[in-house]
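Participant: here are the coordinates; sequence isn't available:
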């Protein structure tokens with residue numbers, strides 16, 4: 001998988017938005033500082049994950065606040081940062097987006113029936129408040145699926161099923177055909193490896 005640096009993220013973002021660069025840079029520096037010393041299961045520095053999520057969103061020409069929220073989407077959950085800190089540094093919109101993604105991330109269901117009924121309703125509810133929350137969550141899931149090889153087989157299968165049942169259909173409904181296909185391909189790799197190889 002291609003390694004995304006902050007410079008490559010900025011290059012992609014600047015193709016359609018020059019005005020937002022200072023705020024995106026500030027969000028990156030804030031997230032990098034907060035995630036300092038944290039590592040992913042792959043051994044990479046944790047900041048590589050929000051960088052990749054933000055980069056996926058540049059392919060959709062996401063606005064400045066969405067890119068900032070993508071860079072910051074795990075700081076409230078994984079560090080000592082509060083939503084008030086985010087609001088003070090980046091404004092109410094970014095804080096609201098981060099809060100929405102954090103709330104979606106906390107959703108967890110043990111069986112398929114509750115997953116289909118409760119999770120979809122809550123995800124759609126989140127979408128109704130601001131579709132950008134769902135876009136960030138879909139980008140988050142796509143990057144997590146691309147790095148799923150570092151998780152245990154049970155986790156791989158669970159995440160793959162969730163992706164096929166929730167996130168790929170959401171991407172389809174939002175008209176994100178390429179992302180939908182990526183989500184499905186990455187899911188099939190773990191759910192039906194033989195068929196996937198063919």
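Facilitator: Everything's here; your move. Computed from a predicted structure; not experimentally measured.
Participant: okay, CA-based contacts and neighbour counts for the rest of this
Facilitator: Fine.
Participant: tell me the contacts of residue 19?
Facilitator: By CA atoms under 8 Å, 6 or more residues apart in numbering, residue 19 lies in contact with nothing.
Participant: which SS state does it fall under?
Facilitator: coil (DSSP: H, G, I helix; E, B strand; the rest coil).
Participant: what are the ranges of the strands in the chain?
Facilitator: Assigned by DSSP state E, the chain shows no strands.
Participant: any stretches of this protein with poor pLDDT?
Facilitator: 1-2, 107-128 (pLDDT under 70).
Participant: any idea how far the residue nearest the centre of the chain is from residue 152?
Facilitator: Among the residues of the chain, the one closest to the centroid is residue 140, at 1.6 Å (CA atoms, centre = their mean). Using CA to CA, to the nearest Å, we find residue 140 at a distance of 19 Å from residue 152.
Participant: show me what contacts the residue nearest to residue 40 when sequence neighbours are not counted?
Facilitator: Among residues not flanking residue 40 along the chain, residue 46 sits closest, at 5.3 Å (CA to CA, 6 or more residues apart in numbering). Neighbouring residues of residue 46 by CA under 8 Å, 6+ apart: 35-36, 38-40.
Participant: buried members of these into PyMOL, please.
Facilitator: Only the buried entries of those go into this PyMOL selection, using 16 or more other CA atoms under 10 Å:
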select buried, resi 35
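Participant: farthest pair in the contacts of residue 46?
Facilitator: 36 and 40 (11.7 Å; CA to CA).
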